[in-house]
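Colleague: Can you look at this prediction? I've put the sequence above it.
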2 protein chains.
Amino acid sequence: MDSTVATERALDAAERLFYQRGVQAVGMDDIRTASGLSLKRLYQLFPAKERLVEAYLERRDVRWRQRLAEYVEQVDQHGHPERPAAAEDRVLAVFDWLGQWFAEPDFNGCAWINSYGELGATSEPIARQGRLHKAAFKDYLVELVERAGLPSSLGDHVFLLAEGAMVTAAITRSADPAAQAAQAARLLIAACGKG
Amino acid sequence: MDSTVATERALDAAERLFYQRGVQAVGMDDIRTASGLSLKRLYQLFPAKERLVEAYLERRDVRWRQRLAEYVEQVDQHGHPERPAAAEDRVLAVFDWLGQWFAEPDFNGCAWINSYGELGATSEPIARQGRLHKAAFKDYLVELVERAGLPSSLGDHVFLLAEGAMVTAAITRSADPAAQAAQAARLLIAACGKG
DNA sequence: TATCCAGGAGAACGTTCGTTCTCTAGAGTG
DNA sequence: CACTCTAGAGAACGAACGTTCTCCTGGATA
């Protein structure tokens, strides 16, 4: 089997299991069973479990932010062509997307927040993945906000709302926080216009 | 040694170690060393590690919310007696308190969010502690908001900002999110007045 | 003083788990 | 066909850890 497809299968299994059960609750044997790869192959591709966790978070980061960006860009087309205020709608679309994500049956919170809570104090590489992902997500939000002609401090606020919504959706097992955060964001955007 | 003081020592050690390093990174042997209690005594008081974790979260919940409430109530005295709008200041005081907490040298994020990320998928009792704590914290915020004559939906928003600030302060190792969340809360409060 | 027993120190047990090793089969190559 | 190399299956190893057990000390009691 090709090395790249083996890597993909390993990461598929890792993502499914790590995200669902947590990193420490999943053994390399579980990864082997779920991926269909031998332990030998797994350790060829990832010399230690920690590397596999890192790679899982890294690939998920790319995909997660890509899916979000794709959804947000759809707003430009689907949206309201008669109204030119779509730049603000792009910011709000982030919360729509979060709400859909929270409602997925296998939603289990934010992978990076969870991993950070589990291993951030122990593993610097994993803590780093969390920092990188959150920084990238925040940069993206700030970009959306600034493109709408709104002050970049609003980017900080929207980011905090999104993070709070993720954590709360996970702990309460509800998608409501996305709508609540969206409402708060709407108020903050409106306040910018009036301020 | 009295049983109640032994319990307290066990919980002191548990809180220090679990909060700092994470639950799974701390063994019962570490708790024994840090507490000075024998394993026999520890298992008399807490028949399993999970019970100790539960008790740690439970005691921390009481103390955490008590300290917050005490700080918030100080605002009434210290605050601005000439201005009757102190009810809103109580809401904002929450973020001052969070900022001080974030700046503590041993701050390591929210104990319940961390524990939930680590064990929420595995241990229902621990997931429950997270839900209970967050519900109590949110109820408290809603109470503050309503006592200020503000709409209870603002309580949801303030809660999400606080949660987002906690997570972000932990991952970025910075106290800034508290001030950012406070600013957002101020804007939201002002928007209520103007709306 | 003899007896009893709670409690301490820490060894021991059984399991889990990350990682490595062994053995074997099969595919490619002269 | 012989030879070699890769890779799979899974046993094995060593460490960590939750939990229990053993042994012993020291104080309380009759």
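Modeller: Looks like it came in fine.
Colleague: Quick check on the spatially most central residue of chain A: phi, psi?
Modeller: Geometric centre of chain A, nearest residue: A:Trp64, 5.0 Å, by CA atoms, centre = their mean. Main-chain torsions, A:Trp64, degrees, to the nearest 10: phi -60, psi -50.
Colleague: Name all residues that make contact with A:Arg131.
Modeller: Contacts were defined as CB atoms under 8 Å, 6 or more residues apart in numbering or on different chains; by that measure A:Arg131 touches B:171-172. No exception for glycine: its C-beta is placed from N, CA and C like everyone else's.
Colleague: On the pLDDT front, check it for me.
Modeller: If you check A:Arg131, the pLDDT there is 98.
Colleague: Likewise for A:Thr122?
Modeller: 96.
Colleague: And it, how far from DNA strand C?
Modeller: 12 Å (CB to the nearest atom of the strand, to the nearest Å).
Colleague: Can you give me every residue that contacts the residue nearest to the centre of chain A?
Modeller: For A:Trp64, the contacting residues are A:111, A:133, taking CB under 8 Å, 6+ apart as the criterion.
Colleague: Nearest spatial neighbour of A:Arg186, chain-adjacent residues omitted?
Modeller: Sequence neighbours aside, A:Leu92 is the residue nearest to A:Arg186 in space, at 6.6 Å (criterion: CB to CB, 6 or more residues apart in numbering or on different chains).
Colleague: How many residues are close by the one you found?
Modeller: 19 (other CB atoms under 10 Å in any protein chain shown).
Colleague: do the same with A:Trp112
Modeller: Counted by other CB under 10 Å, the residues lying close to A:Trp112 total 26.
Colleague: Name the nearest residue to it, ignoring sequence neighbours.
Modeller: Distances taken as CB to CB, 6+ apart put A:Gly130 closest to A:Trp112, at 4.3 Å, once the chain neighbours are dropped.
Colleague: which residues touch that neighbour?
Modeller: A:57, A:112-113, A:115-116, A:120, B:171.
Colleague: helix/strand/coil for it?
Modeller: helix (DSSP: H, G, I helix; E, B strand; the rest coil).
Colleague: in chain A, what spans have low per-residue confidence?
Modeller: Applying pLDDT under 70 to chain A flags the ranges A:78-85, A:194-195.
Colleague: Spell out which residues make up each domain of it.
Modeller: Under the assignment automatic domain parsing, the domains of chain A span A:1-47, A:53-194.
Colleague: looking at the ones you listed, which is buried most?
Modeller: Greatest average neighbour count among the domains of chain A goes to domain A:53-194 (a mean of 19), per mean count of other CB atoms under 10 Å in any protein chain shown.
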